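*Asks:* dropping a prediction and its sequence here:
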Amino acid sequence: MSQERLNNNILESLPAEVIKPAYDRNEVTTGIVHLGIGAFHRAHQAWFTENRIAAGEKDWGIVGASLRSAGVRDQLVPQNGLYSVVEKSNAGTKVQIVGAVSDVLVGPESPQQLLELLAQESVRIVSLTITEKGYCHDPASGDLNPQHPDVIHDLANPQAPRSALGYIVGALALRKARGLPGFTVLTCDNLPSNGKLLGNVLGQFAEKVDSELAVWIAENTTTPSTMVDRIVPATTDADREELEALIGCRDEAAVMAEPFAQWVVEDNFLRGRPAWDKAGATLVDDVEVYELIKLRLLNGSHSMLAYSGYLAGCETVADVMAVPAFNKLALHFIQSEATSSIEVPAEFDIAAYQAELIDRFENRALRHRTWQIAMDGSQKIPQRWLGTLRHHLANNGPIEVLSFALANWIRYVSAVDEQGNAIEVSDPLAVELKAICDQYKPAGNEALAANFLAFTPVFGDDLKQSAQLQKAVVNWLNKLDAQGTLACVEQAFGDL
Ligand code: CS2
């Protein structure tokens, strides 16, 4: 039998070692609306903000919104918005209850209410974790995809949008009409130059609504770039049960996270911000190099390990890292291909960063599924792998691991694993990618690689022209066919 749900009234009775809000939650007002209130936001931006609210910055409370399902609202609202951030590592477990989120709206249920909330004057920051595909852009070019079903829908139905862009532009139109100031739109997704990309698609979307509004938006919003980093696997029922035993109440909205958390933010806010720098974030003039390092080293190796690890039968990243050949492969990729594609500033301790990454991937207390990271490859791979590849192709650099990674991705999106079992591929372009595999695999790996690399939404127009890349991918596809991923990794990287 489950015990009572976490809520305001039982905070006092929680075990002493649990960190909890020590401020009066009734005094907090809403300064931030967050679109896409999933586990990552709760363990990252909301957790940094909690620190500032606790320090007395009470006008930066958060109201969250889900643009798809009611799941998070149903988890959080019965708990008065309270949830646990459970830090897990080999050193142990630490629980903190976060009180920064006061309410959650569900866009599809009440679009008008969400538009009105976003138009509220006290709201000065609208932050986003809507995943890569939420930007309705073409991943290869970074431009708005005018054929995106949500873009078409939102332009036709501005009162009941589906996309974050539709909500933001709709709310800014209301603010303009009411003579209210704009707001800062803060993207917290793993995209390159994410603030610029957001500003670009926002401007292109607004232009389609009304060009005068587009000008007003350009003048009355800022879109700072951010680099966000914390490993936050999807919470499982087993996690919730373990937590219940620890804190003596049920928390449906708990999030599991590693102790590490990093947030680098371009300090370009229109109407102020919480002093996140005092909570451990780094406020800078230019985020790009931090973003590049993180996307290419962490996310790049994550995706590489996710596809190959999944095919090798490993359920979690820690399982992959427990295979010695994979562990060597990860370190080799991080130290060579990924790092050498970037001009790392002299003051950045890259060796420490690389070593820490390996430790983080090896964290056995977290169950970060390879399948979870493998999701949405078409939206992730351009910024995680292809910038690195383009750099090396242009400079005669190494492409061994990334061509291996691409071959594994091709195998993965063919949707059948090495044992002949179906893979549940979750990707907005899954159908198109599988169709390429089905059509060209029978003609052999050369035809497969050539046509795969010619898929412009991911690869643009240039990569198909590289005979070197194509040859390397074909070579790996042949090896994967002959040996399977695990034996292939052991043979190719086991002696590194
Ligand atoms: C992961 C990221 O799911 C994924 O694709 O690579 O969510 C990763 O865990 C975070 O970016 C870490 O900050």
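*Replies:* Arrived safely.

*Asks:* how far away is the closest residue to the ligand within the stretch 51-200 of the chain from Val85?
*Replies:* Residue nearest to the ligand within the stretch 51-200 of the chain: Asn190 (4.9 Å; CB to the nearest ligand atom). The C-beta positions use only the backbone N, C-alpha and C, and glycine is treated the same way. Distance of Asn190 to Val85, computed by CB to CB, to the nearest Å: 20 Å.

*Asks:* show the model's pLDDT score for the residue of the stretch 351-496 of the chain found nearest the ligand.
*Replies:* Closest residue of the stretch 351-496 of the chain to the ligand, CB to the nearest ligand atom: Ile373 (4.1 Å). If you check Ile373, the pLDDT there is 98.

*Asks:* neighbours around it, how many?
*Replies:* 23 (other CB atoms under 10 Å).

*Asks:* that one and His302 touch, don't they?
*Replies:* Yes. Using CB atoms under 8 Å as the test, Ile373 is close enough to His302 to be in contact (5.2 Å).

*Asks:* list the residues that contact both of those two?
*Replies:* Contact criterion CB atoms under 8 Å, 6 or more residues apart in numbering; residues bridging Ile373 and His302 by contacting each: Val317.

*Asks:* could you pull out the helices for the stretch 1-150 of the chain?
*Replies:* In the stretch 1-150 of the chain, the segments counted as helices under DSSP state H, counting those that start in this stretch are 39-43, 45-54, 71-76, 111-119, 149-156.

*Asks:* save these as CSV, and put in mean neighbour count too.
*Replies:* Output for the helices of the stretch 1-150 of the chain, formatted as CSV (neighbours: other CB atoms under 10 Å):
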stretch, mean neighbour count
helix 39-43, 25
helix 45-54, 23
helix 71-76, 19
helix 111-119, 18
helix 149-156, 16
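
*Asks:* can you tell me the closest non-neighbouring residue to the residue of the stretch 101-250 of the chain found nearest the ligand?
*Replies:* The nearest approach of the stretch 101-250 of the chain to the ligand comes at Asp229, 3.9 Å away (CB to the nearest ligand atom). Using CB to CB, 6 or more residues apart in numbering and skipping residues adjacent in sequence, the residue nearest Asp229 is Gln262, 4.2 Å away.

*Asks:* and the gap between the one you found and the ligand?
*Replies:* 8 Å (CB to the nearest ligand atom, to the nearest Å).

*Asks:* contacts only, for that residue.
*Replies:* Contacts of Gln262 (CB under 8 Å, 6+ apart): 227-230, 282, 294.

*Asks:* drop anything exposed from those.
*Replies:* 227-230, 294 (16 or more other CB atoms under 10 Å).

*Asks:* just put these in JSON lines and tack on pLDDT and distance to Gly166.
*Replies:* Compiled in JSON lines, these are given as follows (pLDDT from 0 to 100; distance: CB to CB, whole Å):
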{"residue": "Met227", "pLDDT": "98", "distance to Gly166": "26"}
{"residue": "Val228", "pLDDT": "98", "distance to Gly166": "23"}
{"residue": "Asp229", "pLDDT": "98", "distance to Gly166": "29"}
{"residue": "Arg230", "pLDDT": "98", "distance to Gly166": "28"}
{"residue": "Lys294", "pLDDT": "98", "distance to Gly166": "29"}
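
*Asks:* just give me the closest of the contacts of Gln262 to Asn475.
*Replies:* Closest approach to Asn475 among those (CB to CB): Lys294, at 29.6 Å.

*Asks:* residue contacts, that closest one?
*Replies:* By CB under 8 Å, 6+ apart, Lys294 lies in contact with 190, 227, 229, 262.

*Asks:* backbone dihedrals for the closest residue to Leu155 other than its chain neighbours, please?
*Replies:* Nearest residue to Leu155, sequence neighbours excluded (CB to CB, 6+ apart): Lys208, at 5.8 Å. Dihedral pair for Lys208: phi -70, psi -20, per degrees, to the nearest 10.

*Asks:* wait, doesn't Lys208 sit right on Ile152?
*Replies:* No. Applying CB under 8 Å, one finds Lys208 not in contact with Ile152, separated by 10.2 Å.

*Asks:* overlap in contacts of these two?
*Replies:* Contacts common to Lys208 and Ile152, judged by CB under 8 Å, 6+ apart, are Pro146.

*Asks:* and Lys471, how far is that from Val413?
*Replies:* Going from Lys471 to Val413 by CB to CB gives 21 Å.

*Asks:* so which of the two has more stuff around it?
*Replies:* Shown here are Lys471 and Val413; by other CB under 10 Å, Val413 has more neighbours (23 against 13).

*Asks:* beta partners for the nearest residue to Ala39 once chain neighbours are set aside?
*Replies:* Leaving aside its sequence neighbours, Ala39 sits nearest to Val255 (CB to CB, 6+ apart; 4.4 Å). Here Val255 sits in beta bridges with Val85, going by DSSP bridges.

*Asks:* Val255 contacts Lys88, doesn't it?
*Replies:* No. In this structure Val255 lies outside contact range of Lys88 using CB under 8 Å: 10.6 Å.

*Asks:* before we move on, back to that, phi and psi next, for the residue of the stretch 51-200 of the chain closest to the ligand.
*Replies:* Backbone geometry at Asn190, expressed as degrees, to the nearest 10, gives phi -80, psi 70.

*Asks:* that one - how many residues pack around it?
*Replies:* Asn190 has 24 neighbouring residues, counting by other CB under 10 Å.

*Asks:* pLDDT at the nearest residue to it once chain neighbours are set aside, what is it?
*Replies:* In this structure, Asn190 finds its nearest non-sequential neighbour in Asn299, 5.8 Å apart by CB to CB, 6+ apart. For Asn299, the pLDDT comes out at 98.

*Asks:* same question for the one 5 residues further on.
*Replies:* The per-residue pLDDT reported for Met304 equals 98.

*Asks:* okay, and it sits in which element?
*Replies:* Secondary structure from DSSP states H and E places Met304 in helix 300-311.

*Asks:* if we can go back for a sec, okay, the residue of the stretch 51-200 of the chain closest to the ligand and Glu288: tell me how far apart.
*Replies:* For Asn190, the distance to Glu288 (CB to CB) stands at 14 Å.

*Asks:* and the strands in the stretch 51-200 of the chain?
*Replies:* 61-66, 83-89, 92-98, 101-106, 125-128, 184-187 (DSSP state E, counting those that start in this stretch).

*Asks:* how about TSV for those strands, with mean pLDDT and mean neighbour count added?
*Replies:* Below are those laid out as TSV (pLDDT from 0 to 100; neighbours: other CB atoms under 10 Å):
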stretch	mean pLDDT	mean neighbour count
strand 61-66	98	24
strand 83-89	98	24
strand 92-98	97	17
strand 101-106	98	22
strand 125-128	98	24
strand 184-187	98	24
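
*Asks:* for those strands, give me TSV that also has distance to the ligand.
*Replies:* Below are the strands of the stretch 51-200 of the chain laid out as TSV (distance: least, CB to the nearest ligand atom, whole Å):
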stretch	distance to the ligand
strand 61-66	18
strand 83-89	14
strand 92-98	18
strand 101-106	20
strand 125-128	15
strand 184-187	13
